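> Next comes the sequence, and after it the predicted model I'd like to discuss.
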Amino acid sequence: MAALVCARILLQKSWQRLILSPRKTSALPSPFLSRGHRLGPSDDEIYQRTSVSMMKKEPGSGIMILSYSPHGFNIDGNKVFGPCAVLPPAILQWKVGSFKDITEESVSLFHMLVPKIEILVLGTGARLERIHPPVLALFRSKHIAVEVQDTPNACATFNFLMSERRVVAAGLIPPSVSTALKMLDEEE
């Protein structure tokens, strides 16, 4: 409650400064005289910074990948075992065993979607792996950007792009236990 009172006082002070400070309206360019102008970085001195905490996801904000494990993914509370194709609003099993199985045929479902996706995020498992060049050439010819990453980073990238309301899809391979153990052995 005290934080709410402090925020209200800061808002009142910033409005008082704005209203009571003398300004020359003739010196302002015409876009600044309209009601709908956007704040620039210099306006931050006038207005206090605010933060927003989302308590409930708004409807239509898209699918979010909540967690991943060697067994699969938790996508919006749905447990998906094994590799999956995330095609908002659908989540499908993706029949690939490893990054070597990502072929032109296995990714065909991504470039046949309507509306056409802008970006495809591919998660190749516990580490970043190279995708066959013909697969990347196929997406280039279809004007679809491809982001190839290890699965943990691919999940984060997908969530970020969804939060920006981009038309995005993901093909994700869970990081396997054996690959994760190999990576730990290499680090030691």
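Sure thing, it's come through.
> Report the residue spans of this protein with pLDDT below the cut-off.
1-61, 177-188 (pLDDT under 70).
> what are the ranges of the helices in the chain?
2-20, 30-33, 108-111, 133-141, 151-163, 177-187 (DSSP state H).
> tell me the domain boundaries of this protein?
Taking automatic domain parsing as the reference, the chain has its domains at 1-21+38-51, 65-183.
> deepest of those domains, which one?
Among the domains of the chain, domain 65-183 has the highest mean neighbour count (mean count of other C-beta atoms under 10 Å), at a mean of 17. Where you see a C-beta, it was placed from the backbone N, CA and C, and this is true even at glycine.
> show me what contacts residue 97?
residue 83 (C-beta atoms under 8 Å, 6 or more residues apart in numbering).
> measure it to residue 149 for me?
19 Å (C-beta to C-beta, to the nearest Å).
> One more: residue 163?
Residue 163 is 17 Å from residue 149, by C-beta to C-beta.
> again with residue 170
Residue 170 is 10 Å from residue 149, by C-beta to C-beta.
> Give the intersection of the neighbour lists for these two.
The overlap between the contact sets of residue 170 and residue 149 (C-beta under 8 Å, 6+ apart) consists of 121-123.
> Show me which of those residues is closest to residue 102.
Nearest to residue 102, judged by C-beta to C-beta, of these is residue 122 at 6.8 Å.
> Mind listing residues that contact stretch 159-166?
Contacts of stretch 159-166 (C-beta under 8 Å, 6+ apart): 61-65, 88, 118-119, 121, 168.
> swap in stretch 127-134?
Under C-beta under 8 Å, 6+ apart, the answer for stretch 127-134 is 99, 102-104, 122, 124, 146, 148-150, 179, 183.
> rerun that using 10 Å as the cut-off
By C-beta atoms under 10 Å, 6 or more residues apart in numbering, the surrounding residues in contact with stretch 127-134 are 98-100, 102-104, 107, 122-124, 136, 138-139, 146, 148-154, 173, 175, 179-180, 182-183, 186.
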